[in-house]
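> sequence and predicted structure below; questions after.
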Amino acid sequence: MTVHEAAAVLGIDRGVHRGELPALRIGRKILVPHRADPGHARHGAAARRAPRRRALRWGDPAAGRGDGPRPGHPDPPRAQALAGAAALGAGIAFTPALPRPPRRAGPRLAALPAVRTIGGAYLAYWVCMGAMWVLLPAFAAHAGASHQAGLLVALWSAGSLAGGLALAVRGPRGAYRDRYLWLLGTLAATSLPLTLPATVATMAVAIALFGIALAPWLATSDQLVAVIAGPRSSELYGWLTTLGQIGSAIGAALAGPLGDRYGGGPAFLLVTTALAAGLAIALTRRRTLPQDGRP
């Protein structure tokens, strides 16, 4: 369907043929005041018949129309920008300064061995997640059902929801450290079947299975963060979020060429590799993680 056909369906084809949508035309009439002089209509009509430049310039929203702001009045966009800047400056100037909290005694968070372990595993996990957001749509496209990529994501989320509900019903069992390692190992193991499906139906089963350990592992990771950082948990969450964004970007960048070439199959080995790397970090440094609710 062409643009003009779509405009005809929506009933705005007249505006499109004239090079201007009705909403834009109405908005311009509201924002740009007209001259009050008697010759305005004649001047505007002559300007519309004359060749016009299609450039808009800052401070001249009516460029090429023959219209302009009233003499002695600022342009509406400029006036709005100035008013917004003045309001922002006033807010900054009159906001009372809050007292800075005292620095807590103790080493920096980055110096804690447990924080480094959690951070390394979390970074690897987010490499996996960044890759998944690229590889799932690529798989659906290569399977000839790109419109079903959203269904695969929904099934993945449903698997995670089922795992989270099971954890909530049963309650956490075992030591924090052991549960953290077992669930991360389960994520790595259940990512291997993602390399096998060739159809959306089989991938639906594999992706739901892969999601089951996702929410429980994240919940256990949050518990470890609260134990490790204590009153500084919010700061540690901020650093982990930063690491997560970096890992997601790395995973997406690596998965792009693999998704274009393979679609599925070997491309999902990137997910397994990232999770295996996170598991290796956590296993080799497991003694740095708290075993129970004490740091």
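Arrived safely. Keep in mind the model is a prediction, meaning the values are calculated, not measured. Numbers count the residues shown, from 1 in each chain.

> from here on, contacts and neighbour counts on C-alpha atoms
OK.

> give the buried residues for stretch 262-273.
Neighbour counts using 16 or more other C-alpha atoms under 10 Å place 263-273 of stretch 262-273 among the buried residues.

> mind putting those into a markdown table with secondary structure?
Compiled in a markdown table, those are given as follows (DSSP: H, G, I helix; E, B strand; the rest coil):
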| residue | secondary structure |
| --- | --- |
| Gly263 | coil |
| Gly264 | coil |
| Gly265 | helix |
| Pro266 | helix |
| Ala267 | helix |
| Phe268 | helix |
| Leu269 | helix |
| Leu270 | helix |
| Val271 | helix |
| Thr272 | helix |
| Thr273 | helix |
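
> got JSON lines for those, with distance to Ala149 and pLDDT too?
Converted to JSON lines, the buried residues of stretch 262-273 look like this (distance: C-alpha to C-alpha, whole Å; pLDDT from 0 to 100):
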{"residue": "Gly263", "distance to Ala149": "12", "pLDDT": "86"}
{"residue": "Gly264", "distance to Ala149": "13", "pLDDT": "85"}
{"residue": "Gly265", "distance to Ala149": "16", "pLDDT": "88"}
{"residue": "Pro266", "distance to Ala149": "18", "pLDDT": "92"}
{"residue": "Ala267", "distance to Ala149": "16", "pLDDT": "94"}
{"residue": "Phe268", "distance to Ala149": "15", "pLDDT": "95"}
{"residue": "Leu269", "distance to Ala149": "19", "pLDDT": "95"}
{"residue": "Leu270", "distance to Ala149": "19", "pLDDT": "96"}
{"residue": "Val271", "distance to Ala149": "17", "pLDDT": "96"}
{"residue": "Thr272", "distance to Ala149": "20", "pLDDT": "96"}
{"residue": "Thr273", "distance to Ala149": "23", "pLDDT": "96"}
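
> Throw the residues you listed into JSON lines and include distance to Gly84, thanks.
Below are the buried residues of stretch 262-273 laid out as JSON lines (distance: C-alpha to C-alpha, whole Å):
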{"residue": "Gly263", "distance to Gly84": "48"}
{"residue": "Gly264", "distance to Gly84": "50"}
{"residue": "Gly265", "distance to Gly84": "53"}
{"residue": "Pro266", "distance to Gly84": "53"}
{"residue": "Ala267", "distance to Gly84": "49"}
{"residue": "Phe268", "distance to Gly84": "49"}
{"residue": "Leu269", "distance to Gly84": "51"}
{"residue": "Leu270", "distance to Gly84": "47"}
{"residue": "Val271", "distance to Gly84": "46"}
{"residue": "Thr272", "distance to Gly84": "50"}
{"residue": "Thr273", "distance to Gly84": "50"}
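
> and Cys128, what is it in contact with?
247-248, 251, 270-272, 274-275 (C-alpha atoms under 8 Å, 6 or more residues apart in numbering).

> check which element follows the strand or helix carrying Ala114 along the chain.
Here Ala114 sits within helix 113-142, counting by DSSP states H and E. The helix or strand immediately downstream of helix 113-142 is helix 149-170, counting by DSSP H and E.

> buried ones in that following helix?
Going through helix 149-170 with 16+ other C-alpha under 10 Å, the ones that come out buried are 149, 152-153, 155-164, 167.

> check the gap between the nearest residue to Thr195 once chain neighbours are set aside and Leu196 for me.
If the residues on either side of it in the chain are set aside, Thr195 comes closest to Gly265, at 4.0 Å by C-alpha to C-alpha, 6 or more residues apart in numbering. Using C-alpha to C-alpha, to the nearest Å, Gly265 is found at 6 Å from Leu196.

> if we can go back for a sec, any idea how far the residue nearest to Thr195 lies from Val227?
Gly265 is 39 Å from Val227, where distance means C-alpha to C-alpha.

> where exactly do the helices run in the protein?
With DSSP state H as the definition, the chain shows helices at residue ranges 3-10, 13-17, 22-31, 40-49, 76-94, 113-142, 149-170, 176-191, 200-211, 214-229, 233-262, 269-284.
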